[in-house]
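Q: Turn this into a model:
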Amino acid sequence: MLTVADVAQLLKVSESKIRQAIECGELVVHRLPAIRISEEDLAAYLQSRRSVPPERKQQRASVPRLKHLKLS
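A: Purely as a prediction, here's the structure:
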């Protein structure tokens with residue numbers, strides 16, 4: 001089980017950023033005498049925060065954003 005400080009250090013973010021994720025329900029915690037985060041819950045949180053795969057980004061980049069402009 002990890003502390004808020006442990007998770008913040010692992011992700012290289014502030015403790016307040018981790019606490020915000022906890023407050024809004026994005027990161028599941030165990031409330032023992034102190035807040036603890038299991039490695040499985042941290043992995044699930046990180047999985048939920050994944051970005052678009054590179055191949056999908058390339059597909060999106062080829063589509064013009066401004067439909068009213070004709071590109072030649």
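Q: Need the residue closest to the centroid of this protein.
A: Arg49 (3.1 Å; Cα atoms, centre = their mean).
Q: how about the strands in this structure?
A: Under the criterion DSSP state E, the chain carries strands at the ranges 30-31, 35-36.
Q: highest average neighbour count across these?
A: Highest mean neighbour count of the strands of the chain: strand 35-36, a mean of 16 (counted as mean count of other Cβ atoms under 10 Å). C-beta coordinates here come from the backbone N, C-alpha and C atoms, glycine included.
Q: Pull the residues that contact it.
A: Applying Cβ atoms under 8 Å, 6 or more residues apart in numbering, the external contacts of strand 35-36 come out as 1-4, 22, 29-30.
Q: One more pass at 7 Å, please.
A: 1-4, 29-30 (Cβ atoms under 7 Å, 6 or more residues apart in numbering).
Q: Give me the distance from that strand to the chain's centre.
A: Computed by Cα atoms, centre = their mean, to the nearest Å, the separation of strand 35-36 from the middle of its chain amounts to 19 Å.
Q: Pull up the pairing partners for that strand, direction included.
A: Within its sheet, strand 35-36 is paired with strand 30-31 (antiparallel), according to DSSP bridges.
Q: quick one, helices of this protein?
A: 4-11, 15-23, 39-48, 54-61 (DSSP state H).
Q: Can you pull out the low-pLDDT segments for this protein?
A: 53-72 (pLDDT under 70).
Q: quick one: Ile22 and Arg31 touch, right?
A: No. Judged on Cβ atoms under 7 Å, Ile22 makes no contact with Arg31 at a distance of 9.9 Å.
Q: Return the residues in contact with Met1.
A: So Met1 contacts 30, 36-38 (Cβ under 7 Å, 6+ apart).
Q: any idea which of these is closest to Lys17?
A: Distance to Lys17, by Cβ to Cβ, is smallest for Ile37 among the contacts of Met1, at 13.3 Å.
Q: if we can go back for a sec, could I get the helices of the chain as JSON lines with mean neighbour count?
A: Compiled in JSON lines, those are given as follows (neighbours: other Cβ atoms under 10 Å):
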{"stretch": "helix 4-11", "mean neighbour count": "16"}
{"stretch": "helix 15-23", "mean neighbour count": "16"}
{"stretch": "helix 39-48", "mean neighbour count": "13"}
{"stretch": "helix 54-61", "mean neighbour count": "9"}
